[in-house]
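K.L.:
Just the structure for this:
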Amino acid sequence: MCGIVGVVAHTPVNQLLYDGLLLLQHRGQDAAGIVTGEGTTFHMHKGPGYVRDVFRTRNMRELSGNLGIGHCRYPTAGSAASEFEAQPFYVNSPFGITLAHNGNLTNSEALKHELFQLDFRHVNTNSDSEVLLNVLALELERAAHHARLDPNAIFNAVAGVHKRCRGAYAIVAMIAGYGLVAFRDPFGIRPLIIGVCAAMGGTEYAVASESVALEALGFDVLRDVMPGEAIFVDQTGAFHSRQCAPDPVLRPCIFEFVYLARPDSVIDGTSVYEARLRMGEQLARKIRGIPEAQDIDVVIPIPDSSRPSALELANNLGLKYREGFVKNRYIGRTFIMPGQAMRRKSVRQKLNPCGIEFKDKVVLLVDDSIVRGTTSREIVQMAREAGARKVYFASASPPVRYPNVYGIDMPNQHELVATGRTEAEVAREIGADLLVYQDLEALKTAVREASHGLTEFEASCFDGKYVTGDITADYLSHLAEERGAARGASEDDMLEAAESAAAGGG
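P.N.:
This is a model prediction of the structure:
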């Protein structure tokens, strides 16, 4: 998952883009970048790390122009450690194009081969986003009329992208001298939302991964970009849109509502906060029917994203809701740690139990999901050490049994704790006295009840059904090898850094 934002205004946009990325920081903490457009000139600054660390005052001064795009990166494809894969990407032919991407192409290797062998375009990194940029550039070149672009040509180019690319992609791009383009894959797997603002110079537009970024920047939410749709806003602020896919179907990633998105966002007309409340309501119905779960004294969430579900669960069951864990807000994202001891330490640094809420009680811990099981196991142990008499564990989502290929870097399938195990076996793995998973249909019902018309979802990490229809066992095996190699490289880098620090270097 990544965060993307684009703005076309009548005044400088550098501060708007920076603030927008801060509001989307939860979607990616590995790298950040901004490109602004001034006439036919692009100004770019990007680098590894948090938004606040990448941009300094001198960088912001250089980002002049009234339109621009921004990106905060969480790596899914490509090298997790390479600063050269920070986005946006740029290509100078034709016209000059810069692009930021949220999602993951499932046919990027085939496309890279085609681009090199048939289209004579060179891709310089392992990033599927650079592949997508080159596909867009090629389609724009083919669609241009007498070396000029108009909205019709741009939309024809996006239609060409849809024909060639498979997977999940929400895109913001700029074409030098023309304006901003944004589009979404034909299934709408990753979110993209349009905002509008009436300014003194005329109407201004913004697009972003989540509504919270638009609202905080002073834009009113206009609507979501529809699956397969493209929008084009030229440098004067004129707005154009067209459906560019033949058979679009809205199937957003249901994990956005479980975990990825901020609770104060509205995605595809659905309040993330209300969806999570409904998840708690559905989970309460299941727990009410489990005889051995009727002795619960207190419901405690694992901060932060499980709080709404845990609160509604407690209310529905008539149980006490308590904040039993204090989160250290000065610890950043937990990176892949080399070895179990490091993973254990990272959990203990981020969370600390309040003993008074656990001592001699039957505790129900509620989390949004269980993936690898390492964190859950450590949290259950912390609850026991704090004096809990019994520890029950509830997941607001179903068992994660399959890898995600559409932009979430979940572990290899054999690393997923629920793969090949029953609910009782997973409970033993994490050390809980009882484990309750949300049912998939109950999860879908929860999101539907919070929405205005959503009916279908991309839920492959739960049911193994990949909506793009191109995912094979060989593809998943290759993906597992790639992700394993990337994690191995990351661990080697961390160990090398640790050894260097111990020796007095770095």
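K.L.:
State the distance from A261 to L118.
P.N.:
Relative to L118, A261 is positioned 38 Å away (criterion: CB to CB, to the nearest Å). C-beta here means a position set from N, CA and C on the backbone, and glycine is covered the same way.
K.L.:
Likewise for H26?
P.N.:
If you measure H26 against L118 using CB to CB, the figure is 40 Å.
K.L.:
Comparing these two, which residue is more hemmed in?
P.N.:
A count of neighbours by other CB atoms under 10 Å puts H26 above the other of H26 and L118, at 19 against 9.
K.L.:
Which residues are in contact with the nearest residue to that one once chain neighbours are set aside?
P.N.:
Spatial nearest neighbour of H26, excluding adjacent residues (CB to CB, 6 or more residues apart in numbering): R262 at 6.2 Å. Remark: with contacts taken as CB atoms under 8 Å, 6 or more residues apart in numbering, R262 is in contact with 26, 210, 212, 272.
K.L.:
Helix, strand or coil: sort out R262 for me.
P.N.:
For R262, the secondary structure call by DSSP: H, G, I helix; E, B strand; the rest coil comes out as coil.
K.L.:
Can you give me the buried ones in stretch 308-319?
P.N.:
Taking 16 or more other CB atoms under 10 Å as the neighbour-count basis, stretch 308-319 is seen to contain the buried residues 308-314, 316-317, 319.
K.L.:
So which residues make contact with that stretch?
P.N.:
263, 273, 276-281, 283-285, 287-288, 296-301, 320-321, 364, 366, 368, 394, 396.
K.L.:
Report the buried members of those.
P.N.:
When these are checked against 16+ other CB under 10 Å, the ones flagged as buried are 263, 273, 276-281, 283-284, 287, 296-301, 321, 364, 366, 368, 394, 396.
K.L.:
Out of those, list just those in helices.
P.N.:
Secondary structure assignment by DSSP state H places 273, 276-281, 283-284, 287 of the buried ones among the contacts of stretch 308-319 in helices.
K.L.:
I'd like those residues laid out as a markdown table, including distance to H414.
P.N.:
As requested, those are exported to a markdown table (distance: CB to CB, whole Å):
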| residue | distance to H414 |
| --- | --- |
| Y273 | 35 |
| R276 | 30 |
| L277 | 34 |
| R278 | 33 |
| M279 | 28 |
| G280 | 31 |
| E281 | 34 |
| L283 | 28 |
| A284 | 33 |
| I287 | 30 |
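K.L.:
will you turn these into TSV that also has pLDDT and distance to L67?
P.N.:
Formatted as TSV, the entries for these read as follows, by pLDDT from 0 to 100; distance: CB to CB, whole Å:
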residue	pLDDT	distance to L67
Y273	97	32
R276	98	35
L277	98	38
R278	98	38
M279	98	39
G280	98	42
E281	98	43
L283	98	45
A284	98	48
I287	97	51
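K.L.:
Which member of the contacts of R262 is positioned nearest R223?
P.N.:
Proximity of the contacts of R262 to R223, judged by CB to CB, is greatest for E210, which lies at 14.0 Å.
K.L.:
Which pLDDT value goes with the nearest residue to that closest one once chain neighbours are set aside?
P.N.:
Closest residue to E210 apart from its sequence neighbours, by CB to CB, 6+ apart: S265 at 4.0 Å. Residue-level confidence at S265 comes out at 97, pLDDT.
K.L.:
Over to Q117?
P.N.:
85.
K.L.:
OK, contacts around it?
P.N.:
With contacts defined as CB under 8 Å, 6+ apart, Q117 has no neighbours.
K.L.:
how far away is it from S127?
P.N.:
For Q117 relative to S127 (CB to CB), the value is 19 Å.
K.L.:
same deal with L250?
P.N.:
Note on L250: its distance to S127, by CB to CB, is 27 Å.
K.L.:
Of those two, give the one with the bigger neighbour count.
P.N.:
In terms of neighbours (other CB under 10 Å), S127 is the more surrounded of L250 and S127; the figures are 25 against 21.
K.L.:
looking at it, that one is touching E85, isn't it?
P.N.:
Yes. Under the criterion of CB atoms under 8 Å, S127 makes contact with E85 at 4.6 Å.
K.L.:
G218: neighbour count?
P.N.:
The local packing of G218 (other CB under 10 Å) involves 13 other residues.
K.L.:
which residue packs closest to it, ignoring adjacent ones?
P.N.:
Take G218 and drop its neighbours on the chain: the residue closest to it by CB to CB, 6+ apart is C197, 5.8 Å away.
K.L.:
With T41 instead?
P.N.:
For T41, ignoring the flanking residues on the chain, the nearest one in space by CB to CB, 6+ apart is A176 at 7.3 Å.
K.L.:
Correct me if wrong: the one you found contacts G96.
P.N.:
Yes. With contact defined as CB under 8 Å, A176 reaches G96; the gap is 3.3 Å.
K.L.:
Now for these two: what residues contact both?
P.N.:
Overlap between the contact sets of A176 and G96, as judged by CB under 8 Å, 6+ apart, is given by 40, 42.
K.L.:
how is this structure carved up into domains?
P.N.:
The record, using automatic domain parsing to delimit domains, assigns the chain the ranges 3-250, 270-451.
K.L.:
Touching stretch 143-152 from outside, list them.
P.N.:
By CB under 8 Å, 6+ apart, the residues outside stretch 143-152 that reach it are 94-95, 140, 153-154, 156-157, 160, 175, 178, 232, 234, 240, 242.
K.L.:
CSV for those, including neighbour count and pLDDT?
P.N.:
Shown next, in CSV, are the contacts of stretch 143-152 (neighbours: other CB atoms under 10 Å; pLDDT from 0 to 100):
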residue, neighbour count, pLDDT
P94, 16, 89
F95, 19, 90
L140, 25, 95
A153, 17, 96
I154, 28, 97
N156, 19, 97
A157, 25, 97
G160, 18, 97
I175, 25, 97
Y178, 24, 96
F232, 26, 98
D234, 19, 96
H240, 16, 98
R242, 17, 98
